[in-house]
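J.: dropping a prediction and its sequence here:
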Amino acid sequence: MKAIILCAGKGTRLRPLTYTSAKHLIPIANKPVLFYGIEAIRDCGIKDIGLIIGETGEDIKEEIGNGAKWGVNISYIEQKEALGLAHAVVMARDFLGGDKFLMYLGDNLLKNGVKPYIRKCKEGDYNAFVLLTKVDNPRQFGIAELEDGKVVRVVEKPQKPASNLALIGVYLFDKNVHLAIDSIKPSARGELEITDAIQWLIDNGYKVGAEVIKGWWKDTGKPEDILEANRLILEDMERDISEAMVDESSQILGRVKIGKSTEIINSKILGPVIIGNKVRVIDSYIGPFTSLSDGVEIKKSEIEYSVVIEETKIENIRGRMQRCLIGKDVRIYHSKDLPLVYEFILGDHSKVGLL
Ligand code: UTP
């Protein structure tokens, strides 16, 4: 069995971060989202992975390489225009040949990975297999209707949902999906939809199975999803501050993980929190569910439930920061000189909430 991971989308809902980098490389608990997907696939024993890349492909190639780090072989497949999930499968046809394959959306995260679910698919000899999760707001998802454990209908964002079982971003297919994709037309939004291909398989007598996953699933497409995914991963993290340089006036409470060459001076850290390498925290408070990447500096400030990416410096901020997703090499500081004014240099689609 092979796998493809889809990373060719534009990531518009994560602007401005996605103007300069792929959303798949945004760190969750200091590890790029995409690493979790590669690990989940590797844990299934799958060795050949095709990464579907678009505009941000070069960044992804640089970060992931040939997959040796994970003991897998990574091939890169270009999808120049993000014309839908089923269109990505068309682009991967040469790579996939007639093999069965796992399709994984590169911005998805599952607590238990995917290994527990692919056995049932293999045993049941299905032509397609989908993973489902119960949701509170089924009108916003692709929803599956089941009968005797088999999928009988999939509907994108139904007005009157027949179930609360949403399709998550992990699918298994055999070669018949190619026939299905060749038979469907682009949807109203101009994309080749994978749900339409699945419905075609059902309508033409192919066997489509499903399993409801245990544990959480998160699609990290929006800033609030990144913060929540970060919280969920940090919930399971163990304490390890053995490499940190912590002075006597600092307090580190609970499950806190700190990298190498990091200094904590006169500060309080209340876990779960992860702090990378070469970080400086001075006269500050770092509260629960916060991730600080390598090279970050926090001085005389308070922050919680936030993700701060590499080399960013935050200094002298009066109010406590919360629910922040801050990109690379950003400066946030308190003006010392007169006139005391707000001074912003912000990219398009930035968002600032002031006290
Ligand atoms: P999304 O539906 O979240 O789209 O894609 P997007 O373009 O990434 O984000 P927005 O809507 O502009 O904010 C789900 C996953 O499928 C990939 C995306 O990269 C993401 O990992 N994808 C989507 C493709 O690889 N190709 C496509 O044609 C569409």
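T.: Ah, there it is. Numbers count the residues shown, from 1 in each chain.

J.: if I look at the residue lying closest to Gly259 once chain neighbours are set aside, how far off is the ligand?
T.: For Gly259, ignoring the flanking residues on the chain, the nearest one in space by CB to CB, 6 or more residues apart in numbering is Asn277 at 3.8 Å. For glycine as for every other residue, the C-beta is placed from the backbone atoms N, C-alpha and C. Distance of Asn277 to the ligand, given as CB to the nearest ligand atom, to the nearest Å: 28 Å.

J.: any idea how far Leu109 is from the closest residue to Leu232 other than its chain neighbours?
T.: Leaving aside its sequence neighbours, Leu232 sits nearest to Trp216 (CB to CB, 6+ apart; 5.6 Å). In this view, Trp216 and Leu109 are 8 Å apart by CB to CB, to the nearest Å.

J.: again, but for Lys313
T.: Counting by CB to CB, the gap from Lys313 to Leu109 is 28 Å.

J.: these two: which is more packed in?
T.: Leu109 (24 against 16; other CB atoms under 10 Å).

J.: neighbours of the residue in the stretch 1-150 of the chain positioned nearest to the ligand, just the number please.
T.: Residue of the stretch 1-150 of the chain nearest the ligand, by CB to the nearest ligand atom: Gly9 (2.3 Å). Residues lying near Gly9 (other CB under 10 Å) number 25.

J.: wait, it sits on Thr56?
T.: No: if you go by CB atoms under 8 Å, Gly9 and Thr56 don't touch, sitting 9.1 Å apart.

J.: assign Glu55 to helix, strand or coil.
T.: Using DSSP: H, G, I helix; E, B strand; the rest coil, the structure places Glu55 in coil.

J.: quick check: closest non-adjacent residue to it.
T.: Excluding its sequence neighbours, the residue lying closest to Glu55 (CB to CB, 6+ apart) is Lys10, at 7.0 Å.

J.: ok, Leu355 next?
T.: Of all residues not flanking Leu355 in the chain, Gly319 sits nearest, at 4.4 Å (CB to CB, 6+ apart).

J.: my guess is the residue nearest to Leu232 contacts Lys111, does it?
T.: Yes: using CB under 8 Å, Trp216 is in contact with Lys111, at 4.7 Å.

J.: quick one on the thing from earlier: quick one, what contacts the residue of the stretch 1-150 of the chain closest to the ligand?
T.: For Gly9, the contacting residues are 23, 54, 82, 107, by CB atoms under 8 Å, 6 or more residues apart in numbering.

J.: on that earlier part again, now the common contact residues for Trp216 and Lys111.
T.: Common neighbours of Trp216 and Lys111 are listed as Leu232 (criterion: CB under 8 Å, 6+ apart).

J.: quick one: classify the closest residue to the ligand within the stretch 251-355 of the chain as helix, strand or coil.
T.: At 11.3 Å from the ligand, His349 is the closest residue in the stretch 251-355 of the chain, using CB to the nearest ligand atom. What three-state DSSP gives for His349 is coil.

J.: any idea how far Phe35 is from it?
T.: Counting by CB to CB, the gap between His349 and Phe35 amounts to 26 Å.

J.: before we move on, what about Leu131?
T.: Applying CB to CB, the value for Leu131 to Phe35 is 20 Å.

J.: looking at the two, which has the bigger crowd around it?
T.: Leu131 (24 against 17).

J.: does the more buried one sit in a helix, a strand or a coil?
T.: strand.

J.: thought it was touching Ile168?
T.: Yes: assessed by CB under 8 Å, Leu131 is found in contact with Ile168 at 5.0 Å.

J.: what is the burial count for Gly271?
T.: For Gly271, the neighbour count with other CB under 10 Å is 20.

J.: measure it to Gly295 for me?
T.: If you measure Gly271 against Gly295 using CB to CB, the figure is 21 Å.

J.: for Lys185, same thing?
T.: Lys185 sits 49 Å away from Gly295, taking CB to CB as the criterion.

J.: counting neighbours, go ahead and name the busier of those two.
T.: In this view Lys185 and Gly295 are compared by other CB under 10 Å, and Gly295 has more residues nearby, 18 against 7.

J.: and the more buried one, what does it touch?
T.: Gly295 touches 276-279, 310-311, counting by CB under 8 Å, 6+ apart.

J.: so which of those residues is the most crowded?
T.: Sorting the contacts of Gly295 by how many neighbours each has (other CB under 10 Å) puts Val279 first, at 25 neighbours.
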